[in-house]
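Novice: Requesting a structural model of the entry that follows:
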Amino acid sequence: MKKSLLIKCIVTIVLSVTSTFTFASGRDVATDLTTLLRSARAITVNSVTINDPSAFNLSDFVTKTKSNYEKSAGKKFDESNVLLTQLMDSMTYVIKNAKEGRYEGKWSTGAYANKFLPARFARLSGLRFEELTGGKAIIRLTTSAQLLVNTENKADSWEEDVIEQKFRNPSWPKNKIHDNYTNDGYRLMLPEYYKAGCMRCHGGGQGKAIHAEPVEGHLGEFGGAISVLIYDD
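Specialist: As a prediction, this is how the structure comes out:
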């Protein structure tokens, strides 16, 4: 009887340690991915390349992205990190295509027709990343239903709950992530807030015009989130 109880206790401890390791590992990888995406996206916040993506220098983009990442993450870019490398490859692929004019006519209507916007860069990079990982991991931008611009970025039920119940709650600490292990796998969301550069599109009357609801964004307010899902094997 005592031996049976001891075995059960050992199994429980092993499972607990394994679960903790998996969760911590997932958080590290997902955090690296969000940091890398933001590091690259910052380079695309440039009126020159927004209006003329052929102005991109591919080599400079890669170098600056990795430099930004290393400053933000406080560590070197790990070439052995498969998902991190796949995201870097995905973003480089998108910039190369943009430079070569392969997205010409993709956004032919609306206030930002034919503009290579940072949000468009992020979405295309996320789609390419999903392809390269064989659907094993996803990274994308999303936001609340009110602030949605592109319906393809609409939050799923888990993301919507995190946004409305946590990120948009005044008591939620700014910049604090939310992560959880779900039936699909490990999920993490990082809230983002409007900066000065965002106001040209999301503030004032322009914000009211492009958002799903006539809402204008304000400096420092919640603007959206980066969502990561790493599926179980």
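Novice: tell me, how many neighbours does Tyr93 end up with?
Specialist: Residues near Tyr93, counting by other C-beta atoms under 10 Å, number 16. No exception for glycine: its C-beta is placed from N, CA and C like everyone else's.
Novice: contact partners of the host helix or strand of it?
Specialist: Take DSSP states H and E as the rule and Tyr93 turns out to sit in helix 82-99. With C-beta atoms under 8 Å, 6 or more residues apart in numbering as the test, helix 82-99 has contacts from 29, 32-33, 36-37, 40, 49, 53-56, 58, 61-62, 65-66, 77-79, 103, 116, 121, 124-126, 128-129, 131-133, 137, 139, 230.
Novice: Okay, buried residues for that helix please.
Specialist: By 16 or more other C-beta atoms under 10 Å, the buried positions in helix 82-99 come out as 83-84, 86-88, 90-95, 98-99.
Novice: ditto for stretch 127-142
Specialist: Of the residues in stretch 127-142, those buried under the neighbour-count criterion (16+ other C-beta under 10 Å) are 128-130, 132-133, 136-142.
Novice: out of those residues, which are inside strands?
Specialist: Of the buried residues of stretch 127-142, the ones assigned to strands by DSSP state E are 137-142.
Novice: Of those residues, just say which sits nearest to Glu192.
Specialist: Nearest to Glu192 among these is Leu141, at 8.3 Å by C-beta to C-beta.
Novice: Next, the distance between the ends of stretch 97-107.
Specialist: This stretch, stretch 97-107, spans 15 Å end to end (C-alpha to C-alpha, to the nearest Å).
Novice: helix, strand or coil for the nearest residue to Lys76 once chain neighbours are set aside?
Specialist: Of all residues not flanking Lys76 in the chain, Glu70 sits nearest, at 5.9 Å (C-beta to C-beta, 6 or more residues apart in numbering). At Glu70 the chain is in helix, as set by DSSP: H, G, I helix; E, B strand; the rest coil.
Novice: is it true that Glu70 touches Lys64?
Specialist: No - counting by C-beta atoms under 8 Å, Glu70 sits too far from Lys64 to count as a contact (10.8 Å).
Novice: ok, back up a step: pLDDT and distance to Leu188 for the buried residues of helix 82-99 - can I get that in TSV?
Specialist: Below are the buried residues of helix 82-99 laid out as TSV (pLDDT from 0 to 100; distance: C-beta to C-beta, whole Å):
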residue	pLDDT	distance to Leu188
Leu83	96	13
Leu84	97	14
Gln86	97	17
Leu87	98	14
Met88	98	19
Ser90	98	18
Met91	98	19
Thr92	98	23
Tyr93	98	24
Val94	98	22
Ile95	98	25
Ala98	97	27
Lys99	97	31
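Novice: So of those, which two are at opposite extremes in space?
Specialist: So, these by C-beta to C-beta: farthest apart are Leu83 and Lys99, at 24.7 Å.
Novice: And the average pLDDT for the helix or strand hosting Met199 is what?
Specialist: Here Met199 is covered by helix 199-202, with elements defined by DSSP H and E. The average pLDDT for helix 199-202 rounds to 85.
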